[in-house]
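>>> just the structure for this:
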Amino acid sequence: MKPLDRSFDTIIVGGGSAGCALAARLSEDPDRSVLVLEAGRPDALWDIFIHMPAALSIPIGNPRYDWRYRSDPEPFMGGRQVSHARGRILGGSSSINGMIFLRGNPMDFEKWAQEPGLERWDFAHCLPYFKRSETRAGGDDAFRGRSGPLELEIGPSTNPLFQAFFQAAQEAGLQRVDDLNGARQEGVAPFDRNIRRGRRLSAARAYLHPVASRPNLEVRCGVLASQVLFEGTRAVGVEYLQGGRSRRSARGDQIVLCGGAINSPQLLQLSGVGPADLLRSLDIDVVADLPGVGENLQDHLEVYVQHACSQPVSMQPALKWWRKPALGYRWLFHRSGPAATNHFEAGGFLRSNEDVAYPNVQLHFLPLAIRYDGSAPAQAHGFQVHAGPMNSDARGRLRIRSRDPREHPSLLFNYLSTEQDRREWVETIHAVRDLLGQPALAPYSAGEISPGPAVRSDAQILEWVARDAETALHPSCTCRMGTGPDSVVHPDTLAVHGVQGLAVVDASVMPHVTNANIYAPVMMIAEKAADLLRGVEPLPPESPPWHRHQPGAPS
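This is a model prediction of the structure:
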């Protein structure tokens with residue numbers, strides 16, 4: 001093993017969403033040297049597939065961009081293996097995701113704060129870091145940031161189908177709200193999106209590239225971390241593979257894992273931190289017996305409820321192959337047109353029953369009938385809602401299969417495994433069908449094409465979900481923060497229990513997944529972690545009033 005010529009104050013393993021933000025913040029101190037190790041390629045400017053918003057389906061499933069994980073056969077989904085795209089490129093999943101920027105509900109963070117030791121992760125303590133991360137025009141100053149790296153665009157939502165969706169939602173009893181990241185989440189509105197002037201604004205482009213010239217910051221791509229190195233129980237460095245084979249190592253005073261909910265627990269287990277029985281079965285020396293590493297795996301599952309469109313107003317013509325050169329030209333030279341949007345421009349949140357404390361269903365509206373990965377595009381005009389329960393109580397787990405860091409770990413999500421999950425799925429489909437059946441959409445609807453009129457009963461709905469649902473690509477919670485025996489990192493420092501010099505900063509530290517897309521809360525966690533790791537005074541809490549629904553009361 002050939003060591004690097006120098007050591008670093010901080011080594012960040014993973015140049016994804018959290019890693020980019022953390023590297024930028026920590027390297028603000030010119031006396032702190034920072035090394036970022038990223039397994040994927042650089043996010044080159046010429047690579048239009050990651051920078052053009054409408055090209056978002058192309059990286060999915062492509063090994064140049066995507067780790068292409070697959071779950072184990074899911075026992076409650078007929079043994080299906082569910083594909084999981086995760087970004088394998090600088091910027092991580094922020095370079096290939098759907099570009100929707102939603103924080104989650106304030107009650108998500110109130111739920112976090114109810115657990116022992118997490119009192120300073122309530123919404124009041126998280127809000128200042130949400131605001132520090134973003135620049136967003138409009139909205140309430142009490143909730144929105146004005147000078148952060150993440151410049152957000154609001155979905156224009158000018159297609160008539162968006163306006164019909166908003167009206168139909170109001171006819172179904174939802175409110176048209178001003179800002180889904182503001183005081184009230186329940187309702188419908190245009191989405192905030194991490195798009196800037198018609199171009200994807202990944203975490204790498206927002207945080208890392210503007211500071212790439214700092215002499216105390218080094219980024220290495222194409223290197224796969226294979227093990228955290230320990231002296232006793234102190235982390236002292238990282239071993240990694242360069243070019244897939246050559247083993248090298250870097251020494252660091254502080255090691256921070258930012259690989260996400262799959263890679264971070266995988267690396268911990270490979271390094272001897274995790275369930276002792278699992279590690280011993282693979283002849284891995286146990287550094288710290290932490291049973292919670294890889295447990296508590298959570299995600300969001302979603303389906304597509306699709307309608308044929310009776311009027312030629314959907315975005316379907318943009319899919320025609322002969323239109324793509326002109327659309328590409330317009331985007332390359334003017335950053336405008338259908339290629340400059342992710343098309344997920346609007347949506348909202350609802351409660352599937354009156355007993356839940358806050359919205360448990362998210363809606364994404366699309367003026368197309370197409371799957372997320374771009375497969376099976378509709379040959380005719382259509383529109384759809386992506387939907388699924390956001391607060392499922394199903395829990396899965398992650399386990400390494402061998403000592404080889406190149407082998408994907410075993411992933412089991414246990415989708416549809418609980419009574420609550422199955423009940424809320426049925427409620428969700430009924431609610432979405434009710435919304436899409438409102439008068440405002442009647443002039444455009446030529447009938448439901450997915451799941452279709454043959455799927456009516458609760459049992460048929462669950463059979464269809466098991467057969468057709470896809471992940472919303474929000475894996476999380478596998479290195480949960482807390483103070484109990486099943487926790488992995490300390491909530492005040494994000495330091496890994498039982499060892500020294502090692503922390504985790506990414507979606508894996510969430511105790512519960514939020515009720516929306518997870519990119520925004522991951523960036524909040526990274527912003528807050530930067531202060532925790534630097535030992536500086538945290539931003540003071542802010543407590544503007546926000547909507548608190550009383551279960552059983554009307555919206």
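
>>> which parts of this structure are helices?
Ranges of helices within the chain are 17-26, 48-51, 106-113, 123-133, 160-171, 203, 260-270, 276-281, 324-334, 419-436, 458-468, 519-534, based on DSSP state H.

>>> comparing those helices, which yields the minimum mean pLDDT?
With a mean of 82, helix 324-334 has the lowest mean pLDDT of the helices of the chain.

>>> for that helix, name the packing helices and strands.
helix 48-51 (3 or more CB pairs under 8 Å, 6 or more residues apart in numbering; DSSP states H and E). C-beta coordinates here come from the backbone N, C-alpha and C atoms, glycine included.

>>> touching the helix it packs on from outside, list them.
43, 45, 55, 58-59, 65, 89, 91, 95-96, 199-200, 202, 328, 331-332 (CB atoms under 8 Å, 6 or more residues apart in numbering).

>>> would you point out the most distant pair within these?
Gly91 and Gly328 (21.7 Å; CB to CB).

>>> and these two? Which one has more around it.
Taking other CB atoms under 10 Å, Gly91 and Gly328 do not tie; Gly91 has more neighbours (29 against 16).

>>> for that one, give me the pLDDT.
pLDDT, Gly91: 98.

>>> OK, contacts around it?
Gly15, Gly16, Ser17, Cys20, Asp43, Ile50, Ser202, Ala203, Ala204, Arg205, Leu208.

>>> ramachandran angles for it?
Gly91 adopts backbone torsions of phi 100, psi -20, taken as degrees, to the nearest 10.

>>> now it: how far from Ala54?
From Gly91 across to Ala54, the span is 18 Å (CB to CB, to the nearest Å).

>>> next one: Ala454
Going from Ala454 to Ala54 by CB to CB gives 33 Å.

>>> same deal with Ser450?
22 Å.

>>> could you do Met524 as well?
27 Å.

>>> neighbour count: the two, which is higher?
Ranked by neighbour count (other CB under 10 Å), Met524 and Ala54 place Met524 first, with 26 against 23.

>>> which non-adjacent residue is nearest Cys126?
Phe109 (5.0 Å; CB to CB, 6 or more residues apart in numbering).

>>> you'd agree that neighbour is up against Asp122?
Yes. Under the criterion of CB atoms under 8 Å, Phe109 is in contact with Asp122, at a separation of 5.4 Å.

>>> now do the same contact list for the closest residue to Gly87 other than its chain neighbours.
Spatial nearest neighbour of Gly87, excluding adjacent residues (CB to CB, 6+ apart): Ser93 at 3.9 Å. Applying CB under 8 Å, 6+ apart to Ser93 gives the contacts Gly16, Ser17, Ala85, Arg86, Gly87, Gly260, Leu473, Tyr519.

>>> Cys73: neighbour count?
Just to correct that, residue 73 is Pro rather than Cys. Neighbour count for Pro73, taken as other CB under 10 Å: 12.

>>> so what's it up against?
Neighbouring residues of Pro73 by CB under 8 Å, 6+ apart: Gly79, Arg80, Gln81.

>>> that one and Gln298, how far apart?
19 Å.

>>> one more: Ala204?
Taking CB to CB as the measure, Ala204 falls 26 Å from Gln298.
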